[in-house]
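Chemist: need coordinates for the below:
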Amino acid sequence: MEYVIGIDGGGTKTACLFMEAGKTTSSPDPMVVVGPGTNPHIIGFEKAWGRIQSLISEGMEQFSIDPQEVAGVGVGLAGVGRAEDKQQMKAIAQKKFSNQIFSENCHLFIGSDSHAALRGALPPHEESGILVISGTGSSAIGIAPDHRLHRCGGWGHILGDEGSGYYISLKALSEVTKAADGRRGETILTELLLEKWQLDKPEQLIRFIHEGTRMEKQTIAGVAECVIAASETGDSTATRILHTAAEELLLHLYSIRRKGFNTIPAVVTAGSIFTHSHVLKKYFVRQMEERGWGRHVEAYGPPEFGAALLAQPSLVIKEGENR
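Modeler: As a prediction, this is how the structure comes out:
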């Protein structure tokens, strides 16, 4: 029997899936091993591949798979969206592969984690579609009917990430300071934020945020939890922030749709903000469908499944990338 290996490498963890070659449906009981993060821009390209290689070896031993049975390896990595990053990682991987005993015909795919996530999320009957992601950051990626790959967003929290948890959090902090000044009406966000950071009054935010290096990106983005909680109580300020964020995500979708889709595409949403905020997701889906920009479908499978599909030698799709 032949197998393909699909890898989803994030900043904090990596999932490695082993799947029968030729299979196009997700298994209810997948063969998966999990390890530490493999974002090469965090730990380095050599170390990232070393971790991937260790996971592959661990899984092959655990599931009794012979190297000669591996027909393809698909790797979706966080931070590997640019052509030069893919080339650098592929060069390292091919060098290491030459020291392995995989078949010389073993297909190797290396691309971004969002590409693998899109492939895994689209149902088997959907050959094209768009994935909109809102977590700490935000981005969108789509495969058009002509098999070209289009991207939008993903510029990072300094240049972009509109509609993300970080974006939502900055909006919330602004609203809290405006409320403290009397430039806005009162909001429950003030109480929730002060409680989260164990402060007594809004004025303490200045020192808290600017003191030392306390305010990392993830810490700021965590304020989105307060916004989501406040929206569930009916707080108008929190609801407005989430609707504004949804509009930014709709722009991501629209940008990709007008580049390569002449029909209404299947649209999948992903990321912690879509997962935890019913207010934002409901607004996004309703507005998308009312405007005729897409039809919402639930995610079919995880990113590692998508990476395994991209590893299939018989299912290689020539996807040219465009931003």
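
Chemist: mind giving me the domain ranges of this protein?
Modeler: By the assignment in automatic domain parsing, the chain contains the domains 3-124+300-322, 127-298.

Chemist: the helices in the stretch 151-300 of the chain, which residues?
Modeler: For the stretch 151-300 of the chain, the helices defined by DSSP state H, counting those that start in this stretch cover 156-159, 165-181, 188-196, 204-210, 217-221, 224-231, 236-260, 272-276, 278-290.

Chemist: pretty sure residue 80 sits against residue 87.
Modeler: No - the criterion here is C-beta atoms under 8 Å, and residue 80 misses it with residue 87 at 9.9 Å. Every C-beta, even on glycine, is put in place using the N, C-alpha and C of the backbone.

Chemist: the two: who's more crowded?
Modeler: The residue with more neighbours, out of residue 80 and residue 87, is residue 80; 28 against 12, by other C-beta atoms under 10 Å.

Chemist: just name the shakiest helix or strand of the protein by mean pLDDT.
Modeler: strand 321-322 (a mean of 50; mean pLDDT, DSSP states H and E).

Chemist: one step back: anything in contact with each of residue 80 and residue 87?
Modeler: Among the neighbours of residue 80, none is also in contact with residue 87 (C-beta atoms under 8 Å, 6 or more residues apart in numbering).

Chemist: which elements pack onto the helix or strand that contains residue 5?
Modeler: Under the criterion of DSSP states H and E, residue 5 resides in strand 3-9. In this structure, strand 3-9 makes packing contacts with strand 13-20, helix 45-62, strand 70-77, helix 113-121, helix 303-310, judged by 3 or more C-beta pairs under 8 Å, 6 or more residues apart in numbering; DSSP states H and E.

Chemist: need the winner for burial among the helices of the stretch 151-300 of the chain.
Modeler: Each of these was given a mean neighbour count from mean count of other C-beta atoms under 10 Å, and the largest, a mean of 24, is that of helix 224-231.

Chemist: wait, residue 7 touches residue 305, no?
Modeler: No - if you go by C-beta under 8 Å, residue 7 and residue 305 don't touch, sitting 10.9 Å apart.

Chemist: shared neighbours, those two?
Modeler: Taking C-beta under 8 Å, 6+ apart as the contact criterion, the common neighbours of residue 7 and residue 305 are residue 17.

Chemist: based on its surroundings, how many neighbours for residue 201?
Modeler: Residues near residue 201, counting by other C-beta under 10 Å, number 9.

Chemist: of the helices and strands packed on strand 3-9, which is nearest residue 201?
Modeler: For the helices and strands packed on strand 3-9, the distance to residue 201 is smallest for strand 13-20, at 38.2 Å, taking C-beta to C-beta.

Chemist: strand partners (parallel or antiparallel) of the closest one?
Modeler: Its sheet considered, strand 13-20 pairs with strand 3-9 (antiparallel), strand 31-36 (antiparallel) by DSSP bridges.

Chemist: most neighbours per residue, which of those?
Modeler: Highest mean neighbour count of the strands paired with strand 13-20: strand 3-9, a mean of 29 (counted as mean count of other C-beta under 10 Å).

Chemist: can I get the CA coordinates of that strand in PDB?
Modeler: Taking C-alpha atoms only, strand 3-9 is exported to PDB below (Å, rounded to 0.1, in the frame of the first residue of the first chain):
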ATOM      1  CA  TYR A   3       0.800   6.500   1.600                       C
ATOM      2  CA  VAL A   4       1.000  10.300   1.400                       C
ATOM      3  CA  ILE A   5       2.100  12.500   4.400                       C
ATOM      4  CA  GLY A   6       0.500  15.800   5.100                       C
ATOM      5  CA  ILE A   7       2.100  18.300   7.500                       C
ATOM      6  CA  ASP A   8       0.500  21.500   9.000                       C
ATOM      7  CA  GLY A   9       3.300  23.400  10.600                       C
END
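
Chemist: would you reformat the strands paired with strand 13-20 as CSV and include mean pLDDT?
Modeler: CSV is the format used below for the strands paired with strand 13-20 (pLDDT from 0 to 100):
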stretch, mean pLDDT
strand 3-9, 92
strand 31-36, 93
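
Chemist: tell me which of those sits nearest to residue 266.
Modeler: strand 3-9 (20.8 Å).

Chemist: relative to helix 113-121, how tilted is the closest one?
Modeler: With axes from the mean of the first three to the mean of the last three C-alpha atoms, to 10 degrees defining the directions, strand 3-9 sits at 130 degrees from helix 113-121.

Chemist: great, nothing more from me.
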